[in-house]
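>>> for reference, the sequence and a predicted model appear below.
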Amino acid sequence: MPHEVKNRMDKYRVITLFVMALLLFLALIIRFYSLQIVNYSMYKSEAVGNMLNRIDISAPRGIVYDRNGEKIIYNVPCYNIVVYPDIIKQHPETWEKLSEITKTSIEILQKNMKRNQYGSYRPAIVLRNINFKINAIINENIQDLPGAEVAFDPIREYSNEILSGNLLGYTAEIRQRDMYKYRNFGYKLGDNIGYDGIEKQYEDLLRGKRGYRYKQVNATGKPLNDQAYEQINPIPGNALFLTIDQGLQAHAESLLVNYNGAAIMMNYENGEIVACVSSPSYDSDMFTEGLSQTEWDSIVQDKRIPLFNRAIRGQYPPGSIYKMIAAIAALEKGTITPETEFECTGVYDMGGREFKCSHVHGMENLNEAIAHSCNVYFYNVILGLGIDDWSAYAKKMKFGELSGIDLPGEQPGLCPDRAILDEQYGRRKWWKGMWLNMVIGQGDVLITPLQALRYTGILATHGKVVTPHLLKSIHYTENEIIENPEYPISHVDGISASTWKEIDKGMLNAVQSSWGTARTANVPGLNMYGKTGTAQNPHGEAHGWFVGYSKHKNFPFAVAVFIEHGIAGADVAAPVGGQLLKIYYHMREQ
Amino acid sequence: MKFKDFFDLKLSEIDVPSLILVFVLTGCGLIAIYSATSFVGAESNMQYFWKQMLGILGGLAMFIMLFSVRKSFLLSYAEVLYIVGTAFIIIPFILSMVTSGTNRWINLGGFQVQPSEYMKFILIIMLAKVFSETRRSPLQPGYVLYPLGILAIPAILVFLQPDLGTTLIYGAVFTAMLFASGYKLYYIFLIAAPFITMLAAFNSWVFLVWGITVAVIIFLNNKNILFSVGMFLMNILVGVMTPYFWNAIKPYQQQRILTMLNPQLDPMGAGYQVIQSQIAIGSGGLIGKGFLQGTQAHLNFLPEQHTDFIFSVISEEFGFIGITLILFVYCFLVLRWYRMAVTAKSTFSAMLIIGGTTALLAHIFINVGMTVGLLPVTGKPLPFISYGGSFLMTSFGLVGLVLNGNAE
């Protein structure tokens, strides 16, 4: 056997190894020091975050009441079928049974599970809003359906008395592509959010604040025990009281049911809107129950555009209801007096072009011209007045600007002045003939029905400018009031009492005299004032307008009615306006 | 030949403090394993605890075998052991090509044997014999070629398995023993340089600085211009080729290395283990959460917590103080054993001690470095503490080899 040789190991080399080993251990100790002492608190909170799983408790959305405390928007229980992915994986037969009970294919159910799944231990919705019968069948057979159950989830329900989807809006799950906008405001995928109307406008008040409870979980997210950790309760959304009167709203809808158009009624003293109808509208409930593609297509492709709120978004030529502006401006500027007369021969010739009137009115003064709605009279007025003074007074009547109503999507219309026309047609490329069109509310002038109503309010109050609004008060619950919002009120200055008197006289005669154009709107006893309008437009029959108000002592309400292709304002719009005021007067009397 | 010719149970020469401290560590291991295998919401399970006890008995047997085996026997049969050991690494390699299965283990009637584990002893014995021979002078550059060949065959086979951790341990053992043999430092530098070049090649600035350093050292140490230029060019070539090698290794190994550098790159995938381990360690703080109180461990956030990541469990439950104590014990043992190399009776014994100690040190550093995120996740367990009978036998065997070298 080979013998061992004497140890000739170099001592210093061993010492070097010794020192290197020491350095390695030192490196480890330093690293532990850094992890456990320096960064302790960071890792500590990460470990706690690992251990506890936060489970959301969604906040009930706020309930919306009308001005009389009738519920318009509320929450009802909705029953969904949910499955636990970890359990159902072991019991594939549950899929077959569910498919049989719900008459839905397994593929669709499984696709829904994948879409709604957040981890294997959290329930995922596979079918929403099942009916009572399916709910009962599942509950009876729950032992044979391991991994599945029926879960309750509140959904939005909208009053069946009215069909004002474009006023109330709807709620729906946040679209994935919109998430980036909402993430910073505490929304999560799968949350509902208000789209359109009141639901969108007051989203922040209605949504409430979600609560949380905590559950101890293991690494796979499986809940371990029911140990109680602190729970943060959700804060329900605020209850909102609207200025709308549900009964009147329903009447207004029924009056407009055969037309495309809008009708709005407002208290001209404070701006409270009691009815706001755009026809046709849609049923908000369709959205909460989950809209199929064909249903959605039928709404979007409907030529009558039910999603479009004509009352605040529709911009139309105003026709003769705009004439009072020229009258006020001319009286104030002194280019006419109440006694000034112009002769109407049924047509007015300017530069070889004929500008027509509805009738041959003969000699007319201001009062008659308003009541008869004589065009030729106002052609003469505008030529004497000039466009700059005229457009200045149109702006005083708040045309061309937003009213500030608490609804999303309001449009400003178009109030043409010299600058706008220069821009539109080029400097000096337009001619005085356009004035003649604009003064009778044709040509480039565009207004919304809401602007027409606000203008009517200004006429009714001799210059008081209110902010039209829909929110009356904010409540914790039905009875605990938080806030009555204040809305700005201003005043149109520089219009003399005598001018207002002349306008009043014209509008009074238009309704209450036997020869007025708006006499179909008259409601005896309500002391009605008003004006019709008939707006030619390139799309077909003329649009019909009626604006009017009651000067009855306890009934300060103004109405604006717009009927698309309603021929003449006097034919359809004026009777609707009169009816609405009459109905609401009687409703309040009771 | 009689049994006495092979073995000599020289019990009186056992270094008792070493053995006591090793048992202290296995005791810590048992406590940690008990904790690591108790889960919230699950039945208490002593199965791992008892299996580990069995592993310790196996380890003791291995210790006694390698402690009492005669050095003269080892010197005589080193080559035979080496050839047999290498063959056992190759066999599963060939088998796996047929069955397309994993190629690290051999199944011997229900017992899983990992030949690369036993190759550690054989490699140490073989290298100890080579480095203690006086036929060649360590001052000659060619001195390294034969031992390098001895290392290369099993190292390359194990690297191809692929088992990066074991390859590193073989390399560490070889380097320490080569260094201890008195081989000229400049030559060690020449051998190590290409490996450092590979690492440097990933950054062009680092590569430039390293290239200049290599050039300076080579030209200062060698009069032979042709040799110097050749060496320098070889390093450059290695550096240029490295990207190709990088693309040639398994994507999971690339991923491991990249995720080591930045665990946040892949928090749910490869980085998950390291992140959860660091959370466990960091959240332990100074004094720890207490026995069985670690949330990371008991809620199963830690992967492989009773084997590779056992140290994270200890860190979480016993804190910086507990960890420092354990590292102190390890450090004390390693230093005590290295010191034995100076007093050993023969170069062969000293080499056994250097090899065995370095193997244990490398295991400790690779494992702990992994749990704290300093080194890649190579899946190497911690000596004496991690769960697993096979590795306990390796660890105890290495101690046996070291203490055998220390004995008369």
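That came through, no problem. Keep in mind that what you see is a predicted model, and the values were worked out from it rather than measured. Numbers count the residues shown, from 1 in each chain, chains lettered A, B, ... in the order given.
>>> so where's the chain uncertain?
Let's take chain A. A:1-5, A:53, A:217-229, A:289-290, A:478, A:569 (pLDDT under 70).
>>> that's the other chain; I wanted chain B
For chain B (pLDDT under 70), the answer is B:1-2, B:39-44, B:96-113, B:223, B:256-271.
>>> okay, and A:Thr467 sits in which element?
Following DSSP states H and E, there is no helix or strand that holds A:Thr467.
>>> repeat for B:Met119
helix B:115-132.
>>> mind giving me the packing neighbours of that helix?
In terms of contacts (3 or more CB pairs under 8 Å, 6 or more residues apart in numbering or on different chains; DSSP states H and E), helix B:115-132 is packed against helix B:71-99, helix B:145-160, helix B:164-180, helix B:347-371, helix B:389-406. Heads up, the C-betas are built off the backbone N, CA and C, glycines and all.
>>> could I get these as a markdown table with distance to A:Asn68 and mean neighbour count?
What follows is the helices and strands packed on helix B:115-132, written out as a markdown table (distance: least, CB to CB, whole Å; neighbours: other CB atoms under 10 Å in any protein chain shown):
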| stretch | distance to A:Asn68 | mean neighbour count |
| --- | --- | --- |
| helix B:71-99 | 83 | 16 |
| helix B:145-160 | 84 | 17 |
| helix B:164-180 | 78 | 22 |
| helix B:347-371 | 70 | 27 |
| helix B:389-406 | 81 | 25 |
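>>> find the closest residue to chain B in chain A.
Proximity of chain A to chain B (CB to the nearest CB) peaks at A:Tyr43, 2.5 Å away.
>>> mind checking the SS state of that residue?
Using DSSP: H, G, I helix; E, B strand; the rest coil, the structure places A:Tyr43 in helix.
>>> which residues sit in contact with the closest residue in space to it that isn't next to it in sequence?
Once flanking residues are discounted, A:Tyr43 sits nearest to B:Gly282: 2.5 Å by CB to CB, 6 or more residues apart in numbering or on different chains. Contact partners of B:Gly282, counting by CB atoms under 8 Å, 6 or more residues apart in numbering or on different chains, are A:Leu35, A:Gln36, A:Asn39, A:Tyr40, A:Met42, A:Tyr43, A:Lys44, A:Glu46, A:Ala47.
>>> farthest-apart pair in those residues, please.
A:Gln36 and A:Glu46 (13.3 Å; CB to CB).
>>> so which of the two has more stuff around it?
A:Gln36 (26 against 19; other CB atoms under 10 Å in any protein chain shown).
>>> could you look up the SS state of the closest residue to that one other than its chain neighbours?
Closest residue in space to A:Gln36, ignoring its immediate chain neighbours: B:Phe320 at 4.2 Å, by CB to CB, 6+ apart. The three-state label for B:Phe320, taken from three-state DSSP, comes out as helix.
>>> which residues touch B:Phe320?
Counting by CB under 8 Å, 6+ apart, B:Phe320 has contacts A:Phe32, A:Tyr33, A:Gln36, A:Ile37, B:Gly284, B:Gly285, B:Leu286, B:Ile287, B:Gly288.
>>> repeat for B:Leu127
Contacts of B:Leu127 (CB under 8 Å, 6+ apart): B:Pro147, B:Ile150, B:Leu151, B:Val173, B:Phe174, B:Met177, B:Met351, B:Gly355.
>>> show me what residue of the stretch 151-300 of chain B gets nearest to chain A.
For the stretch 151-300 of chain B, CB to the nearest CB, closest residue to chain A: B:Gly282, 2.5 Å.
>>> host element of that residue?
helix B:270-284.
>>> CA-only coordinates of that helix in PDB, if you can.
What follows is helix B:270-284, C-alpha atoms only, in PDB (Å, rounded to 0.1, in the frame of the first residue of the first chain):
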ATOM      1  CA  ALA B 270     -39.200  32.500 -11.300                       C
ATOM      2  CA  GLY B 271     -38.800  35.400  -8.900                       C
ATOM      3  CA  TYR B 272     -41.700  34.300  -6.700                       C
ATOM      4  CA  GLN B 273     -39.600  32.000  -4.600                       C
ATOM      5  CA  VAL B 274     -36.900  34.600  -3.900                       C
ATOM      6  CA  ILE B 275     -39.400  37.400  -3.200                       C
ATOM      7  CA  GLN B 276     -41.500  35.200  -0.800                       C
ATOM      8  CA  SER B 277     -38.300  34.000   0.800                       C
ATOM      9  CA  GLN B 278     -37.100  37.600   1.300                       C
ATOM     10  CA  ILE B 279     -40.400  38.600   2.700                       C
ATOM     11  CA  ALA B 280     -40.300  35.700   5.200                       C
ATOM     12  CA  ILE B 281     -36.700  36.600   6.300                       C
ATOM     13  CA  GLY B 282     -37.300  40.400   6.400                       C
ATOM     14  CA  SER B 283     -40.600  40.100   8.300                       C
ATOM     15  CA  GLY B 284     -38.800  38.000  10.900                       C
END
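>>> if we can go back for a sec, hmm, the residue of chain A closest to chain B is touching B:Ser277, no?
No: in this structure A:Tyr43 lies outside contact range of B:Ser277 using CB atoms under 8 Å: 10.5 Å.
>>> quick check: phi and psi at residue 232.
Just so you know, I chose chain A. Here is the backbone geometry of A:Ile232 (degrees, to the nearest 10): phi -100, psi 120.
>>> now do it: how many residues are near it, please.
Neighbour number of A:Ile232 under other CB under 10 Å is 13.
>>> what residues are up against it?
Neighbouring residues of A:Ile232 by CB under 8 Å, 6+ apart: A:Gly211, A:Tyr212, A:Arg213.
>>> what bridges to the first one?
Note on A:Gly211: beta-bridge partners A:Ile57, judged by DSSP bridges.
>>> what residues does the host helix or strand of A:Glu107 touch?
In this assignment (DSSP H and E), A:Glu107 forms part of helix A:106-116. Residues outside helix A:106-116 that contact it (CB under 8 Å, 6+ apart): A:83, A:85, A:88, A:95-96, A:98-99, A:102, A:124-127, A:190.
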